[in-house]
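J.: Take this sequence and fold it.
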Amino acid sequence: MKKQLIWRAHYSGFGGITHASTSLVNAMLEQGVKLKIAPLKPINATDPLVQHVAMEKELNEGFVILHQLPTVAPESDGFYCVTEFETVPEEWWMPLNNCKVLFTQSEFCKEVFERIPGMDSSKIHVVGFPIDPSFSPTGINLKHKIKNVKTGMYLQDYNFVFGSVFEWVCRKKPELMWEAFMREFPYKEYPNVGFVNKIGVPGGNYHDFRNWKNFVPKDPRIMVLNKNIDDMGDFYRSLDAYCSPTAGEGWGATLAEAMSCGIPTIGSNHSGNLDFMDKDNSYLVDVEDWSYVGNDPTNMIPLIVKPNMRWKLPKIESIQKAMREVYELKMAGKTNPKIIEAIKIKDKFSHEKIGKQIADIIPKYL
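T.: The predicted structure follows:
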């Protein structure tokens, strides 16, 4: 008799991992996958997923996939997890070796997990991030609602607006893209070029940047929003270019979402986002060679990021070049040819296709 599939994860809050687990579960349910969920924290009583919450007996007897750090529940039958670095902490090795199945989001992650000593690579399956249908080139934007409190200007008042969405974690390296922006578009010469950033604080008991305001440049054109936005598609459609070149991505959901909204997108030529980004549909930023994370306390996250782990930092000069190229096309009144190719990823990573992919894989493990 086959076991009941239980997807154990976070289903509340606005973090990236919550967004990923919720999207995957919805994609599976839409494809008729029979599953129950086991929230790691209570979810809102009005959430439609409440009807799928597993009873204690079901959880104890089910086939549990943990969509979180493997150290959270190392006894799980399987895991869905990602990495953004060259290796993973040694504490991950035993649970990942002992599990029956390991799902991950990109070929980059798969290659990292395959290097774990003793790993059986045949149990690793790459399942991309399902892109919500709401991320589309058509729809409203928020240009008239987003105001730069430093200058009093709304987004619609700028000639060109760069934007980014990120949780405040070390590998995102926002200071590098801001430095590139200020170098390429000096304030005195380009007062009508703005940069709006929708940020969040990562979940858990850590804050990588405890004094995040100290990291925000004094350039008044750089806006930081830390309030919830109901429909992120509306936010993306308010931008002239999306920019998120980082030191590593397990997938890069915001990059895919911006591309699906028809926004020219700048990301690093490295890691998980290369599963959907290429030279024809986006702007790929050159990166440095592998370097160690090091002992900077703002980079440390218990059981996730350690000093001996390595990443690839994006090159400021290459970010500048990408920013200039997308800016010049817009200011010349030309249609950006990369947009046509960018929006195609929405079909490749639709809820239907990702849900069916898991539906085809999971039965042999139950």
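J.: what secondary structure does Ile340 sit in?
T.: helix (DSSP: H, G, I helix; E, B strand; the rest coil).
J.: go on, Val64?
T.: Under three-state DSSP, Val64 comes out as strand.
J.: What's the local residue count around the nearest residue in space to Thr18 that is not next to it in sequence?
T.: Distances taken as Cβ to Cβ, 6 or more residues apart in numbering put His10 closest to Thr18, at 4.5 Å, once the chain neighbours are dropped. (Glycine included, C-beta is placed from N, CA and C.) As a burial measure, His10 scores 20 neighbours (other Cβ atoms under 10 Å).
J.: For His10, give its distance to Glu341.
T.: The gap separating His10 from Glu341 is 33 Å, by Cβ to Cβ, to the nearest Å.
J.: Now do Pro137 against Asn336, distance only.
T.: In terms of Cβ to Cβ, Pro137 sits 12 Å off from Asn336.
J.: nope, Arg171 is what I meant
T.: As judged by Cβ to Cβ, Arg171 and Asn336 stand 27 Å apart.
J.: Counting neighbours, go ahead and name the busier of the two.
T.: Arg171 (24 against 17).
J.: tell me the SS of that one?
T.: Relying on three-state DSSP, one would call Arg171 helix.
J.: so who does it touch?
T.: Glu84, Phe85, Thr246, Ala247, Gly248, Val305, Trp311 (Cβ atoms under 8 Å, 6 or more residues apart in numbering).
J.: cool, Asn269 as well?
T.: So Asn269 contacts Leu284, Val285, Asp286, Val287 (Cβ under 8 Å, 6+ apart).
J.: Let's verify the nearest residue in space to the third one that is not next to it in sequence: helix, strand, or coil?
T.: Read it as Asp286. Spatial nearest neighbour of Asp286, chain neighbours left out: Ser318 (3.9 Å); criterion: Cβ to Cβ, 6+ apart. When classified by three-state DSSP, Ser318 comes out as helix.
J.: Might you report the residue contacts of Ser318?
T.: Ser318 neighbours (Cβ under 8 Å, 6+ apart): Pro245, Val285, Asp286.
J.: at 10 Å what do you get?
T.: Residues near Ser318 by Cβ atoms under 10 Å, 6 or more residues apart in numbering: Ala180, Pro245, Ile266, Ser268, Asn269, Tyr283, Leu284, Val285, Asp286, Val287, Glu288.
J.: just Lys356 next, same as before
T.: Ala27, Met28, Glu30, Gln31, Gly32, Val33, Ser350.
J.: again, 7 Å this time
T.: Applying Cβ atoms under 7 Å, 6 or more residues apart in numbering, we find Lys356 in contact with Gln31.
J.: heads up, I number from 46, so please use that
T.: With 46 as the first residue, the last one maps to Lys401.
J.: can you tell me how far it sits from Val78?
T.: According to Cβ to Cβ, Lys401 stands 9 Å off from Val78.
J.: cool, Glu229 as well?
T.: Counting by Cβ to Cβ, the gap from Glu229 to Val78 is 47 Å.
J.: what do you get for Val214?
T.: Val214 is 31 Å from Val78, by Cβ to Cβ.
J.: Tell me which of these two has more neighbours.
T.: Neighbour totals were compared for Val214 and Val78, and Val214 leads with 23 against 18 (other Cβ under 10 Å).
J.: Could you point out which residue ranges in the stretch 146-295 of the chain have low pLDDT?
T.: Within the stretch 146-295 of the chain, the stretches with pLDDT under 70 are 246-262.
J.: at 90 instead, please
T.: Within the stretch 146-295 of the chain, the stretches with pLDDT under 90 are 178-179, 194-195, 211-216, 220, 244-263, 269-276.
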